[in-house]
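Student: The following block contains a protein sequence and its predicted model.
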Amino acid sequence: MRTRRHLTALLLAAALVPSPTLAADPPCYRGVNLSGGEYGERDGIYGTNYTYPSEETIRYFAEKGMTIVRLPFRWERLQPALGGRLDEDELKRIKDTGGLIRKHGMAVLLDPHNFGYYDKVQVGTAPATDAAFGDFWARLAVEFANQDGVLFGLMNEPHDIKATDWLDAANAAIRSIRAVGARNLILVPGTAWSGAHSWEEDVIGGANGTVMLGVRDPLDFYAYEVHQYLDIDSSGTHPTCEGATGAVEAIAGVTAWLKKNHKRGFLGEFGAAADKDCMSGLTEIYSTMSDNGDAWLGWSYWAAGEWWPADEPFNVQPRKGAERPQMRLLVNSAKAKAGACASVKPAGK
């Protein structure tokens, strides 16, 4: 395992000239995932099997200084048939929720929360071909094209798909987004759950840190989305943080990779319980990103949402009683002043 001294050297090894159209120092996107729209099966009933955040919840996080909401939803519900039209009712729910988020001054990151699959078919495999994935993104991008404060997250945590195959799918989606005239910022994950801890490891079909340098965006207006949890296996499924040191090192390692390659990153999911090791790890992760705003556009904590149970260790959804320690850390980390990140690239630039 790399030592902290070595990690510090990595961070100082390469300088990156900040892009004024994307980055601020410290990171300008600081927020949460408002979970619920991804719940249940594709034919689930709204309000019974899945939900979207209320204005009360959205207002709460805006008042706490958050500047972005990552909004998960299911691809199959939004597009019931591959290659077909988007479902009008589901699209309206997403638009209405996004409108509330924007009303309260936060950006919205659209997140098809499908793990690289449509139903149980892996992206890149018929009928969920790269072309079908691109078609989905063309249809969605048209609905939100060039709207200030709307970002496109290509896919939540693709896994069990070769890095080279995922790169092809991601590039197909990017081409489709740009082909319809959308100039919105695109967040591109890697395969292997887009884990920061394995970003430069050959997990399946090549390392993300090598293969995903092949992203091609005609506007050069994208960033890489990684995820990182602090439990023992970086899965976010355990209430303790034996992996806190490794998580801190993982974020430092990705920071060095971003700087070396003149790229930008967004930590789309991270979270932990409120014990001492967890809180210490979260504090160090915030500090690394805050000190490296030339590399990091921001972060969104996992998670909140009306249907999260009160006893969920990572939950920061407001309940009656004291504010959770993790939320206090989020608030403190959001206090630093930062310039506005561009969510839409101006025409002609």
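Tutor: The structure has been received and is ready for your questions.
Student: those helices in the stretch 101-250 of the chain, which residues are they?
Tutor: With helices called from DSSP state H, counting those that start in this stretch, the stretch 101-250 of the chain shows them at 130-144, 163-179, 208-211, 244-260.
Student: of those helices, which approaches G339 most closely?
Tutor: Nearest to G339 among those is helix 244-260; the distance by C-beta to C-beta comes to 18.6 Å. Where you see a C-beta, it was placed from the backbone N, CA and C, and this is true even at glycine.
Student: mean confidence for that closest one?
Tutor: Computed over helix 244-260, the mean pLDDT rounds to 97.
Student: That one - contacts with which helices or strands?
Tutor: Contact partners of helix 244-260 among helices and strands, from 3 or more C-beta pairs under 8 Å, 6 or more residues apart in numbering; DSSP states H and E: helix 4-13, strand 265-269, helix 276-290.
Student: In the protein, where is pLDDT below threshold?
Tutor: The model of the chain has pLDDT under 70 over residues 1-25.
Student: Can you check which strand is longest in it?
Tutor: Counting by DSSP state E, the longest strand found in the chain is strand 296-304.
Student: list the contacts for the residue nearest in space to the middle of the chain?
Tutor: With distances taken as C-alpha atoms, centre = their mean, G268 lies nearest the centre of the chain, 2.8 Å away. Residues in contact with G268 (C-beta atoms under 8 Å, 6 or more residues apart in numbering) are 33, 70, 109, 111, 153, 156, 187, 189, 194, 225-227, 299-300.
Student: Columns distance to R324 and neighbour count on top of the residues you listed, output as TSV?
Tutor: Formatted as TSV, the contacts of G268 follow (distance: C-beta to C-beta, whole Å; neighbours: other C-beta atoms under 10 Å):
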residue	distance to R324	neighbour count
N33	15	26
R70	18	29
L109	22	28
D111	23	26
G153	25	22
N156	24	25
L187	26	26
P189	27	25
S194	26	27
E225	25	27
V226	24	27
H227	20	22
W299	17	27
S300	16	29
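Student: Looking at the residues you listed, spot the one nearest S333.
Tutor: Comparing the contacts of G268 against S333 with C-beta to C-beta places W299 closest, at 8.3 Å.
Student: what's the neighbour count on the closest residue to G206 other than its chain neighbours?
Tutor: Nearest non-adjacent residue to G206, counting by C-beta to C-beta, 6 or more residues apart in numbering: A163, 4.1 Å away. Other residues within reach of A163, judged by other C-beta atoms under 10 Å, total 22.
Student: ok, now G65?
Tutor: When counting by other C-beta under 10 Å, one arrives at 16 neighbours for G65.
Student: Okay, buried residues for stretch 121-131 please.
Tutor: Neighbour counts over stretch 121-131 (16 or more other C-beta atoms under 10 Å) mark 122-124, 128-130 as buried.
Student: residue boundaries of the strands in this structure?
Tutor: Using DSSP E, strands in the chain cover 29-34, 68-73, 107-112, 117-118, 121-122, 150-153, 186-189, 222-227, 265-269, 296-304.
Student: Dump those strands into a markdown table; add distance to D233 as well.
Tutor: A markdown table is the format used below for the strands of the chain (distance: least, C-beta to C-beta, whole Å):
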| stretch | distance to D233 |
| --- | --- |
| strand 29-34 | 20 |
| strand 68-73 | 22 |
| strand 107-112 | 23 |
| strand 117-118 | 21 |
| strand 121-122 | 23 |
| strand 150-153 | 24 |
| strand 186-189 | 19 |
| strand 222-227 | 13 |
| strand 265-269 | 15 |
| strand 296-304 | 16 |
